[in-house]
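K.L.:
the following comprises the amino acid sequence and a computationally predicted model.
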Amino acid sequence: MAAGLTTGLMTGAGQADDERTTDGRVTTSTSRFTASDGITYTATNHLTKAAGGAGREWLLAWSGPDDPSAPDFLAVIDATPGSRHYGKVVNTVTMGPGKGNEPHHMQYTWHKGDRLYASGIMSDTTFVFDTSALPAVRLSGVNAPTDTPCGTLPDAYQVLSDGTAYATMLGGPNVAGPCTYTNGEVREGNGAAGSPGEIVRIGTDGRTIAEIPAANKEAEDPEQCANSPVISKATCANPHGLALREDLDILVASDFTESRSVPPPGEPLPEGGEKVARQSVRVFDIGDRDDPKLLSVSKVHDGPRAAQEDHPAFGESRVLMETAMTNGRHQRGAFVSSMSGGAVFYTPDITAPKPQWREVFDDTTAYRTFTSDASVTGGGDNSSWLAVSPDDRYLFHTVMGQSTPYGTPLDKTTGMVYVLDIRKLLKAGKKVRCSVDQLKEVTAGGAESDCPELAGAVPIRDTTDGGPHWGAMDNFARDAQGTYRETKSVKRFATSNYFIAGSFGGGGDHRVCMFTLAENGKPALDRTFRDEVTRQPCVNLNRQSWPHGSYGNARAHGVLFVVSDKVLR
């Protein structure tokens, strides 16, 4: 049995682990949880000999197989610089009994004592894990489809200081018609993967504490907020990205799109498709954690590039996938990014009754640092993960790249990750002047002195119909004794090259890459983080064999840095 892996693991619902077994190469252990739907879910560790030893940091990659008959799994990767197993998958935690969950997001950042919340977006299920005994993981809760009748497609998570989490449910209720939320309010929905989505508070055991309406009581703009099928009160409430400030009692969610209205791969956007490409941001007062109140619904607007785009859905303001908030005690700023629009927007005060958004960066500017091809622009470039460093110095952003048939041919397109220095922008406070409102600023960056400065961009070449979608900041620092502490100074981050198979721009090449960050914020690919099979930079999930068996290629969506409790101070 691998050293250091014999710690007793208790399971949810009062059940004990299966007897551990080992074949000399892999040690297995299974935890079980019986959910409210009566199904007993399982999570089975497959710990290799390389999992032994203390004082390591882990990168978790929430992954699904290309083979639909194979299990979904959480890959535990050694992310300790200098380790002889750096980049090696030391454990795979396979899920059962269901397959095809389509592993999606986990929370943006993990803190000591947190449970791990992980989305099965297509199975409409949230899995909750206990990571205290890493590299072993146990299943501690399940939020089943029947636990959230007013929403579908769980997407993003933010964990509160008490260990519970808020989640965005991107899609509409399980069944079309009126749905009653925990606080007694009622909204009409048009069904699964439709509208409106919701916010859910989930307990550490996976139970639903509260379903919270994201839609206005009154109808929103029917021109912008088209729904299919049409519902009596139009809504743009399809929350995707999620940001949280407990000290301000504020939660922010960005509206994405009505998912089932997105055309299948190979088909162009339909006429009027921009009507389900959302432009809105929702702010909630979470003073009552179980009954958040919708404070505002604000709208971002197109910039100077929109008039030149072939399709209205490529205007800068369309499809607000992600949002991120500043962290400092005196800061109130927030950012949103547009997946279809390829731009970053900012408001200096998200707590204002009517937040005012301004475009502060166009992805085209980052592209111009490594390609002069004028056809490669922010329009339709599938920009994704967005995060503010804990010290409020930098904004991190991944971009998948334009994908056929919506943009540039695959031999020309490229994904990338870029970093913006936002210190001058934040220092301006409410007197911010930056505004990308001239065509020259699309390629050269904002002209005002307080605009974000591009610290650096790294192309991530991916000739599949996808690219780098998600990421995570490493918020830990290691001391000379081999123990860890949380840090506000980010020195590296990771990205994953996969979105959703079968979705627009979804495939990706299935790599998980590591990047270092210089003192000036310039990112660089960490070439020592190598695949254990190919020996090339980045961990490639396209491989034949895994600790749990020969199941072939897999694809990671969510990634997260985590440290075991015993070495985290």
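P.N.:
Now that the structure is in, tell me what you want to look at.
K.L.:
show me the domain layout of the protein.
P.N.:
The chain breaks down into these domains under automatic domain parsing: 20-143+240-254+297-567, 144-239+255-296.
K.L.:
in a markdown table, list these along with mean pLDDT and mean neighbour count.
P.N.:
C-beta here means a position set from N, CA and C on the backbone, and glycine is covered the same way. Below are the domains of the chain laid out as a markdown table (pLDDT from 0 to 100; neighbours: other CB atoms under 10 Å):
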| stretch | mean pLDDT | mean neighbour count |
| --- | --- | --- |
| domain 20-143+240-254+297-567 | 94 | 21 |
| domain 144-239+255-296 | 94 | 20 |
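K.L.:
where exactly do the strands run in the stretch 151-300 of the chain?
P.N.:
Along the stretch 151-300 of the chain, the stretches classed as strands by DSSP state E, counting those that start in this stretch are 152-159, 165-171, 177-180, 186-189, 198-202, 208-213, 239-245, 250-255, 280-285, 293-299.
K.L.:
so what strands line up beside the last one?
P.N.:
Each strand that pairs with strand 293-299, with its direction, by DSSP bridges: strand 280-285 (antiparallel).
K.L.:
distance of the closest residue to residue 395 other than its chain neighbours relative to residue 394?
P.N.:
Excluding its sequence neighbours, the residue lying closest to residue 395 (CB to CB, 6 or more residues apart in numbering) is residue 420, at 4.3 Å. Here residue 420 is placed at a distance of 7 Å from residue 394 (CB to CB, to the nearest Å).
K.L.:
any shared contact partners between the two?
P.N.:
residue 455 (CB atoms under 8 Å, 6 or more residues apart in numbering).
K.L.:
picking that back up, who's in contact with the residue nearest to residue 395?
P.N.:
Applying CB under 8 Å, 6+ apart to residue 420 gives the contacts 344, 361, 394, 395, 397, 452, 453, 454, 455.
K.L.:
three-state assignment of it?
P.N.:
Put simply, residue 420 is strand when judged by DSSP: H, G, I helix; E, B strand; the rest coil.
K.L.:
what kind of secondary structure is the residue sitting nearest the centre point of the chain in?
P.N.:
Closest residue to the average C-alpha location of the chain: residue 105 at 4.8 Å, with CA atoms, centre = their mean. Three-state assignment for residue 105 (three-state DSSP): strand.
K.L.:
got phi/psi on the closest residue to it other than its chain neighbours?
P.N.:
Nearest residue to residue 105, sequence neighbours excluded (CB to CB, 6+ apart): residue 558, at 4.6 Å. Per-residue torsions, residue 558: phi -70, psi 140 (degrees, to the nearest 10).
K.L.:
do the same with residue 80
P.N.:
Here is the backbone geometry of residue 80 (degrees, to the nearest 10): phi -90, psi 110.
K.L.:
ok, now which ones touch it?
P.N.:
With CB under 8 Å, 6+ apart, residue 80 has these contacts: 55, 56, 57, 86, 478.
K.L.:
likewise for residue 473?
P.N.:
Residue 473 neighbours (CB under 8 Å, 6+ apart): 109, 387, 389, 390, 396, 490, 493, 561.
K.L.:
what bridges to it?
P.N.:
The partner list for residue 473 in beta bridges (DSSP bridges) reads residue 493.
K.L.:
now swap in residue 349 and tell me
P.N.:
Residues in a beta bridge with residue 349, per DSSP bridges, are residue 332.
K.L.:
ok, it touching residue 331?
P.N.:
No - counting by CB atoms under 8 Å, residue 331 is not a contact partner of residue 349; they are 9.5 Å apart.
K.L.:
related to what we said a few turns ago, close enough to count as contact, the residue nearest to residue 105 and residue 62?
P.N.:
Yes - counting by CB under 8 Å, residue 558 touches residue 62, with 4.1 Å between them.
K.L.:
where do the contact lists of those two overlap?
P.N.:
Taking CB under 8 Å, 6+ apart as the contact rule, residue 558 and residue 62 both touch 103, 104, 105, 106, 118, 119.
K.L.:
and those residues, which is closest to residue 233?
P.N.:
Ranked by distance to residue 233 (CB to CB), the shared contacts of residue 558 and residue 62 are led by residue 119 at 27.5 Å.
K.L.:
ok, now how distant is the closest one from residue 511?
P.N.:
Residue 119 sits 21 Å away from residue 511, taking CB to CB as the criterion.
K.L.:
before we move on, what about residue 422?
P.N.:
Taken as CB to CB, the span from residue 422 to residue 511 is 28 Å.
K.L.:
and what of residue 445?
P.N.:
Between residue 445 and residue 511 the computed distance is 29 Å (CB to CB).
K.L.:
just the strands in the stretch 351-500 of the chain please.
P.N.:
Taking DSSP E, counting those that start in this stretch, the strands of the stretch 351-500 of the chain run over residues 358-362, 383-388, 394-399, 415-421, 453-460, 470-473, 476-478, 484-486, 492-496.
K.L.:
hmm, residue 55 is touching residue 476, no?
P.N.:
No - with contact defined as CB under 8 Å, residue 55 does not count as touching residue 476 (11.8 Å).
K.L.:
who touches both of the two?
P.N.:
Applying CB under 8 Å, 6+ apart, one finds that no residue jointly contacts residue 55 and residue 476.
K.L.:
and stretch 487-496, C-alpha only, in CSV?
P.N.:
Taking Å, rounded to 0.1, in the frame of the first residue of the first chain, the C-alpha atoms of stretch 487-496 are listed here in CSV:
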residue,chain,number,x,y,z
THR,A,487,-0.7,34.1,-0.6
LYS,A,488,-2.1,37.1,-2.3
SER,A,489,0.8,37.2,-4.7
VAL,A,490,0.2,34.9,-7.6
LYS,A,491,3.3,33.4,-9.2
ARG,A,492,1.7,30.9,-11.6
PHE,A,493,-1.6,29.7,-13.0
ALA,A,494,-3.0,26.8,-15.0
THR,A,495,-5.3,26.5,-18.0
SER,A,496,-7.3,23.7,-19.6
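K.L.:
quick one: distance of it to the chain centre.
P.N.:
Put simply, stretch 487-496 sits 15 Å off its chain's centre (CA atoms, centre = their mean, to the nearest Å).
K.L.:
contacts made by it with the rest, please.
P.N.:
59, 61, 79, 327, 385, 387, 389-391, 394, 396, 398, 417, 460, 468-477, 508, 511-517, 523, 526, 556-559, 561.
K.L.:
same thing but 6 Å
P.N.:
Under the contact criterion CB atoms under 6 Å, 6 or more residues apart in numbering, stretch 487-496 has outside partners 59, 389-391, 398, 417, 468, 470-474, 477, 512-517, 556, 559.
K.L.:
repeat for stretch 48-62
P.N.:
Here stretch 48-62 makes contact (CB under 6 Å, 6+ apart) with 2-4, 26, 74-77, 79-80, 85, 88, 90-91, 103, 106, 118, 134-135, 476, 482, 494, 512, 547, 556-563, 567.
K.L.:
now stretch 497-517
P.N.:
Stretch 497-517 has contacts (CB under 6 Å, 6+ apart) with 61, 382, 400, 403, 462, 464-466, 468-469, 491-496, 523-526, 529, 538-542, 555-557.
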